[in-house]
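J.: whatever this is, show me its structure:
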Amino acid sequence: MAAVLLRRLLSSAFDEVYPTLPSDVQTAIKSELLMIIQMETQSSMRKKICDIAAELARNLIDEDGNNQWPEGLKFLFDSVSSQNMGLREAALHIFWNFPGIFGNQQQHYLDVIKRMLVQCMQDQEHPSIRTLSARATAAFILANEHNVTLFKHFADLLPGFLQAVNDSCYQNDDSVLKSLVEIADTVPKYLRPHLEATLQLSLKLCGDTSLNNMQRQLALEVIVTLSETAAAMLRKHTNIVAQTIPQMLAMMVDLEEDEDWANADELEDDDFDSNAVAGESALDRMACGLGGKLVLPMIKEHIMQMLQNPDWKYRHAGLMALSAIGEGCHQQMEGILNEIVNFVLLFLQDPVIAALLQTMEDQGNQRVQAHAAAALINFTEDCPKSLLIPYLDNLVKHLHSIMVLKLQELIQKGTKLVLEQVVTSIASVADTAEEKFVPYYDLFMPSLKHIVENAVQKELRLLRGKTIECISLIGLAVGKEKFMQDASDVMQLLLKTQTDFNDMEDDDPQISYMISAWARMCKILGKEFQQYLPVVMGPLMKTASIKPEVALLDTQDMENMSDDDGWEFVNLGDQQSFGIKTAGLEEKSTACQMLVCYAKELKEGFVEYTEQVVKLMVPLLKFYFHDDILSFSAESMPLLLECARVRGPEYLTQMWHFMCDALIKAIGTEPDSDVLSEIMHSFAKCIEVMGDGCLNNEHFEELGGILKAKLEEHFKNQELRQVKRQDEDYDEQVEESLQDEDDNDVYILTKVSDILHSIFSSYKEKVLPWFEQLLPLIVNLIYVCDNSPEVRQAAAYGLGVMAQYGGDNYRPFCTEALPLLVRVIQSADSKTKENVNATENCISAVGKIMKFKPDCVNVEEVLPHWLSWLPLHEDKEEAVQTFNYLCDLIESNHPIVLGPNNTNLPKIFSIIAEGEMHEAIKHEDPCAKRLANVVRQVQIWKYE
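T.: Okay, here's the model as predicted:
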């Protein structure tokens with residue numbers, strides 16, 4: 001105990017304790033530790049003393065990397081060469097615990113370190129020395145994870161390390177195997193020279209049933225981790241992947257023989273140590289890591305064979321595998337229908353749906369039926385509507401017959417597991433089929449209403465909640481007209497349940513289903529729903545206001561807390577972890593989403609609740625525990641401002657002041673790109689609502705710095721992607737991944753453009769001095785962002801404003817920007833639907849440069865091109881600008897516009913007529929009057 005306490009003291013309070021000791025005491029501690037290690041005969045006690053020595057050595061490396069305990073290093077060298085096995089173990093244990101012990105002398109001692117490890121790894125007489133040296137090698141590599149040169153220098157230790165992995169496993173020691181998993185996770189490129197051997201060893205250990213389950217799962221973890229951290233490297237070893245998939249499927253079949261399991265009426269929490277769960281998780285991760293192109297062709301035949309197997313365990317595993325690969329193989333899933341259309345189950349053309357329906361009718365195994373329904377839910381959720389419709393009639397009839405049967409079983413036997421899943425399957429099918437579900441509405445609604453009315457017992461709460469969800473999803477799918485025949489009954493059922501809301505236990509599953517159902521009813525009923533808000537809002541705000549428990553714990557305390565307590569932990573380093581109790585977070589998220597729904601659907605009808613909702617939502621912009629809650633918080637802001645408009649400008653401004661600082665800070669600090677894009681989009685919408693004057697100088701200064709950083713980050717990321725394209729593992733899938741990164745990056749830029757566009761629209765020329773800091777980066781964007789029309793549009797719009805309102809210092813930018821704008825306009829796909837708005841902004845910007853900065857360009861050369869690009873008709877704001885400039889040119893009798901002897905008049909007339917046809921200019925706009933006068937003048941010229 002004294003040894004443990006001393007190590008903890010050195011770890012947590014070294015700076016407060018050790019430096020205050022007299023130097024002779026410090027010297028005594030160091031020499032005593034080394035003496036005790038040499039004298040201690042008990043191995044476990046010696047390790048504890050070594051832990052203290054390693055912790056002391058860690059703290060005695062100064063800021064410059066100098067080791068202030070040279071006697072410790074000498075002890076290490078002497079001990080590792082000793083004939084005393086205990087001292088050799090001690091030296092390796094210290095080095096494993098603190099591989100940075102050599103400090104800034106590491107490079108000098110590199111060959112010595114290597115010889116020491118090789119020598120110990122070749123010790124055939126002492127397995128413990130081989131094991132310790134292998135672990136020390138792994139620790140050293142991990143401690144130098146960015147030193148690629150060191151990897152190459154130590155690459156020839158890998159064969160000995162892999163041998164130690166193998167040998168230690170058969171001595172019932174998985175410590176070296178765990179080290180291999182860490183290497184695969186953190187420094188996978190170290191394994192490259194011997195990757196085939198690493199994979200073969202992992203595959204062998206995974207398939208060896210003489211090893212315990214944990215060892216087999218760890219061996220599989222090596223391969224699966226590499227599929228995530230070094231997918232391109234692993235894709236070159238397709239033979240290994242092809243052999244690993246059957247191993248994972250075999251694990252998924254490894255279920256305990258339990259006669260009651262297959263027909264149990266409750267779904268128990270999965271045994272996370274079981275092979276079945278480990279195999280399923282591994283399959284899911286590998287499919288995501290390696291991609292569907294590689295995984296789906298390798299696994300589909302295995303799954304289809306398993307679904308036909310007479311043994312329920314194989315059918316169960318097949319269904320779970322189908323669900324597991326759903327995310328990773330999502331894009332390729334459609335191909336499975338065409339390739340195996342002649343699957344054994346010929347009663348439907350679609351093999352997936354056919355297999356699932358046949359399995360759902362497996363009356364002898366309730367658990368298999370329930371999983372078949374769950375797999376059907378996964379399939380229909382991701383299935384395009386057009387793909388589902390041909391099979392809808394057969395699918396619905398099967399679901400109805402199973403529902404009727406299971407409803408009878410509920411009444412007669414009280415069993416409900418399969419019925420719960422079937423109800424959710426019906427909801428999922430209706431959600432995907434939408435209005436195509438109308439013919440089947442009357443088939444289901446009476447039974448579903450019957451369940452909600454009568455399933456009032458505590459054990460049926462989940463069934464009742466899922467049925468409420470199902471009814472509301474069907475109502476949303478078929479629309480108000482069809483649903484109105486039952487709307488009154490359904491609302492009464494919901495109101496009755498809502499009045500019992502305060503009596504519900506906190507963990508009642510009906511709560512989240514009710515919250516979502518009310519919001520769907522709001523979408524269906526529209527303004528008519530407003531009357532129900534007083535009943536709904538109290539419980540909804542209560543759920544949205546749930547505060548999670550959080551704690552800061554040291555590692556020891558964290559390990560003492562049971563996983564069953566619902567805590568999740570993040571390691572903060574320095575032996576500390578941050579914990580959060582996740583209970584209630586999903587319900588809180590759903591409630592926040594529903595508040596967004598009410599604000600969106602009811603608008604001014606929601607005004608009575610805007611103040612309390614704003615006070616709830618703004619602090620949630622810093623709710624880093626749950627991304628969805630943060631996103632819903634951001635999404636609510638402009639919607640709440642819209643709701644509050646009816647209260648007048650003073651009330652609206654007060655609400656905006658409460659939001660603004662928090663939104664800007666969130667844009668600067670949010671790390672998740674999906675959440676960040678939602679915050680930026682909402683901020684832009686808020687500026688559109690509030691208009692000129694909504695931002696003060698401090699806001700502009702902070703926002704300018706943030707937007708500049710976002711733009712610079714984009715260009716930096718582009719450079720990094722180019723570096724990755726030079727990597728030796730670069731392949732087609734890596735390029736896909738890089739393209740995804742680029743799309744993600746560009747999507748953030750579109751949100752930057754949203755903010756800039758909203759600011760320009762509100763502030764016009766007043767914002768130009770602020771915009772100067774971004775201008776060089778914006779010019780670059782026009783040139784490089786070929787994949788993002790939204791960014792090109794915003795950049796072109798900004799350049800147009802700059803040309804119109806900017807002073808002399810903007811002239812060089814106008815000259816530089818012109819060829820870039822022309823390049824965008826003249827590209828082959830410039831007029832496609834997705835590009836036309838960006839193109840029209842570029843055309844308008846060229847016009848503004850010629851009008852307001854004519855000395856920056858050769859107007860006579862550019863003008864004929866500009867005329868050929870007219871008219872604009874998609875972007876109404878820019879259309880007005882260009883037509884006004886055209887009127888200026890015609891009214892001034894510009895020779896290039898009119899042409900020799902007015903030969904261009906038909907072209908001018910055509911431009912104006914086409915603009916009129918597309919309603920590019922509103923009749924009340926002054927520009928329309930100018931155009932009418934121009935047309936009259938053109939007609940006079942024609943007859944002169």
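J.: so how far is the lengthiest helix in the chain off the chain centroid?
T.: Criterion DSSP state H: the longest helix present in the chain is helix 732-763. From the chain centre to the centre of helix 732-763 is a distance of 16 Å (Cα atoms, centre = their mean, to the nearest Å).
J.: swap in stretch 808-816?
T.: Centre to centre, stretch against its chain (Cα atoms, centre = their mean), the figure for stretch 808-816 is 41 Å.
J.: what does the average pLDDT come to for that stretch?
T.: When pLDDT is averaged along stretch 808-816, the result is 83.
J.: re the thing from before, just the CA coordinates for the helix or strand that comes right after the longest helix of the chain, please, in CSV.
T.: Using DSSP states H and E, the helix or strand that follows helix 732-763 towards the C-terminus is helix 768-771. Provided in CSV are the C-alpha atoms of helix 768-771 (Å, rounded to 0.1, in the frame of the first residue of the first chain):
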residue,chain,number,x,y,z
LEU,A,768,-16.6,47.0,-47.3
PRO,A,769,-13.9,48.2,-44.9
TRP,A,770,-14.5,45.2,-42.7
PHE,A,771,-14.6,42.9,-45.8
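J.: what residues sit buried inside helix 768-771?
T.: 768, 770, 771 (16 or more other Cβ atoms under 10 Å). Backbone N, C-alpha and C define where each C-beta goes, glycine included.
J.: same for that helix, what does it pack against?
T.: helix 789-805 (3 or more Cβ pairs under 8 Å, 6 or more residues apart in numbering; DSSP states H and E).
J.: for residue 907, what are its contacts?
T.: 867, 899 (Cβ atoms under 8 Å, 6 or more residues apart in numbering).
J.: how near is it to residue 78?
T.: According to Cβ to Cβ, to the nearest Å, residue 907 stands 95 Å off from residue 78.
J.: and if you look at residue 742?
T.: Taking Cβ to Cβ, one finds residue 742 at 56 Å from residue 78.
J.: try residue 142
T.: 26 Å.
J.: so which bits of the strand or helix carrying residue 452 are buried?
T.: In this assignment (DSSP H and E), residue 452 forms part of helix 441-454. The neighbour-count check on helix 441-454 (16+ other Cβ under 10 Å) flags 441, 443, 444, 445, 448, 449, 451, 452 as buried.
J.: so where's the stretch 51-200 of the chain uncertain?
T.: Nowhere does the stretch 51-200 of the chain drop to pLDDT under 70.
J.: thought residue 278 was touching residue 215?
T.: No - at 11.6 Å, residue 278 does not count as touching residue 215 under the criterion of Cβ atoms under 8 Å.
J.: show me which of these two is the more surrounded one.
T.: residue 278 (24 against 21; other Cβ atoms under 10 Å).
J.: now name the helix or strand holding that one.
T.: Counting by DSSP H and E, residue 278 is part of helix 275-290.
J.: following that helix, which helix or strand comes up?
T.: Using DSSP H and E, the helix or strand that follows helix 275-290 towards the C-terminus is helix 292-308.
J.: ok and that next one relative to helix 275-290, angle-wise?
T.: For helix 292-308 against helix 275-290, the angle by axes from the mean of the first three to the mean of the last three Cα atoms, to 10 degrees is 150 degrees.
J.: helix 292-308 packs against which elements?
T.: Counting contacts by 3+ Cβ pairs under 8 Å, 6+ apart, helix 292-308 packs against helix 238-253, helix 275-290, helix 312-324, helix 333-339, helix 351-360.
J.: swap in 7 Å and give it another go.
T.: In terms of contacts (3 or more Cβ pairs under 7 Å, 6 or more residues apart in numbering; DSSP states H and E), helix 292-308 is packed against helix 238-253, helix 312-324, helix 351-360.
J.: and the shortest one, average pLDDT?
T.: To tie it back to what came earlier, the one meant is helix 351-360. The pLDDT scores in helix 351-360 average 53.
J.: strands of this structure, residue ranges please.
T.: Under the criterion DSSP state E, strands of the chain are mapped to 550-554, 567-573, 576-581.
J.: weakest of those in terms of mean pLDDT?
T.: Mean pLDDT per stretch puts strand 567-573 lowest among those, at a mean of 64.
J.: where does the residue nearest in space to the middle of the chain land on pLDDT?
T.: Nearest to the mean C-alpha position of the chain, by Cα atoms, centre = their mean, lies residue 674 at 6.6 Å. pLDDT, residue 674: 90.
J.: ditto for residue 730
T.: The predicted local confidence for residue 730 is 82.
J.: do you know how far it is from residue 736?
T.: Per Cβ to Cβ, residue 730 is found 11 Å from residue 736.
J.: quick check: neighbours shared by those two?
T.: Listed as contacting both residue 730 and residue 736 by Cβ atoms under 7 Å, 6 or more residues apart in numbering is no residue at all.
J.: contact partners for the residue nearest to the centre of the chain?
T.: residue 627.
J.: next: residue 860.
T.: Residue 860 neighbours (Cβ under 7 Å, 6+ apart): residue 896.
J.: residue 33 now?
T.: With Cβ under 7 Å, 6+ apart, residue 33 has these contacts: 49, 52, 53, 56.
J.: how about the nearest residue to residue 279 once chain neighbours are set aside, what does it touch?
T.: Nearest non-adjacent residue to residue 279, counting by Cβ to Cβ, 6 or more residues apart in numbering: residue 251, 3.1 Å away. Applying Cβ under 7 Å, 6+ apart to residue 251 gives the contacts 275, 276, 278, 279.
J.: out of the residues you listed, who has the most neighbours?
T.: Ranking the contacts of residue 251 using other Cβ under 10 Å puts residue 279 first, with 26 neighbours.
J.: against residue 634, how distant is the residue nearest to the centre of the chain?
T.: 11 Å.
J.: same question, residue 896
T.: Residue 896 is 50 Å from residue 634, by Cβ to Cβ.
J.: higher neighbour count, the two?
T.: residue 634 (30 against 16).
J.: show the pLDDT at the more buried one.
T.: 96.
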